[in-house]
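J.: Pasting a predicted model and its sequence here:
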Amino acid sequence: MKFAVLVFPGSNCDIDCYKAVEAIGEQVDYVWHTATDLSGYDAILVPGGFSYGDYLRCGAIAQFANVMNEVKKAADEGKYILGICNGFQILTEANLLPGALIRNTGLKFRCHGTPLEVVNSNTAFTNQYSQGEIIDIPIAHGEGNYFCDEETLAELKANNQIVFRYAGETNPNGSVDNIAGISNKAGNVVGMMPHPERAVSQILGSEDGLRMFTSILNAWREQHGAAINS
């Protein structure tokens, strides 16, 4: 399997994503925002950071980068796309995911470990977790407050598109319905504010994020008739 890690001016979690893919033993390339061809990749990671300095709004400029046209094509083709933190913001700005990310209710940047509930374990990104499992994944954001209108929230629930929620009373940013991550209707595009790529080893404080990457690999191998035994 081959992963692309997108790099925008201001990305700062691209190396973390690259190392996470290396940890599962798969091929990975950095792909600059000017790229016009992603056809050689099976999965695309849109990393965290401050793309284009977060001018205007987080992700508002990145949505117009050349590579995003290719991300949209890849999404339509059913390839796996994971947007993390700023990547989640970019995917909403590009209308690949519904809703928007706005300022945290406390108006402070939050950076710490956070318990997440796995709401939907039946996705290409969560198949190595148990339904309802509580995992420890760090956050690092100032604009991670997920917002959508009531109609969109009802659709997310009806279509089982809510992938992660902040567990219990731990909502760090005011997100509606404690939402920490969602998918598109097809299930091949996921955006989340917490950083699984920063939780791939106990030396980092948690290895719960590693299973997101092995889940993607498992889904891809099942598509190709060779599921992993882990």
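T.: Done, it's in.

J.: At which residues are the helices of this structure located?
T.: For the chain, the helices defined by DSSP state H cover 14-23, 66-76, 86-93, 150-158, 210-223.

J.: looking at those, which is buried most?
T.: Stretch with highest mean neighbour count among the helices of the chain: helix 86-93 (a mean of 28; mean count of other Cβ atoms under 10 Å). Heads up, the C-betas are built off the backbone N, CA and C, glycines and all.

J.: How far away from the center of its chain is it?
T.: 9 Å (Cα atoms, centre = their mean, to the nearest Å).

J.: Likewise for stretch 172-190?
T.: Chain-centre distance of stretch 172-190: 9 Å, with Cα atoms, centre = their mean.

J.: and if you look at stretch 52-59?
T.: When C-alpha coordinates are averaged (Cα atoms, centre = their mean), stretch 52-59 and its chain have centres 18 Å apart.

J.: Would you work out how far apart the start and end of that stretch are?
T.: Across its full length, stretch 52-59 reaches 8 Å end to end, with Cα to Cα, to the nearest Å as the criterion.

J.: in that stretch, what's buried?
T.: Taking 16 or more other Cβ atoms under 10 Å as the neighbour-count basis, stretch 52-59 is seen to contain the buried residues 52, 54, 58-59.

J.: One more: stretch 101-109?
T.: Within stretch 101-109, the residues that qualify as buried are 101-102, 104, counting by 16+ other Cβ under 10 Å.

J.: hang on, the earlier thing: now the helices of the chain as JSON lines including distance to D42 and mean pLDDT?
T.: Converted to JSON lines, the helices of the chain look like this (distance: least, Cβ to Cβ, whole Å; pLDDT from 0 to 100):
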{"stretch": "helix 14-23", "distance to D42": "11", "mean pLDDT": "97"}
{"stretch": "helix 66-76", "distance to D42": "9", "mean pLDDT": "97"}
{"stretch": "helix 86-93", "distance to D42": "17", "mean pLDDT": "98"}
{"stretch": "helix 150-158", "distance to D42": "26", "mean pLDDT": "98"}
{"stretch": "helix 210-223", "distance to D42": "6", "mean pLDDT": "96"}
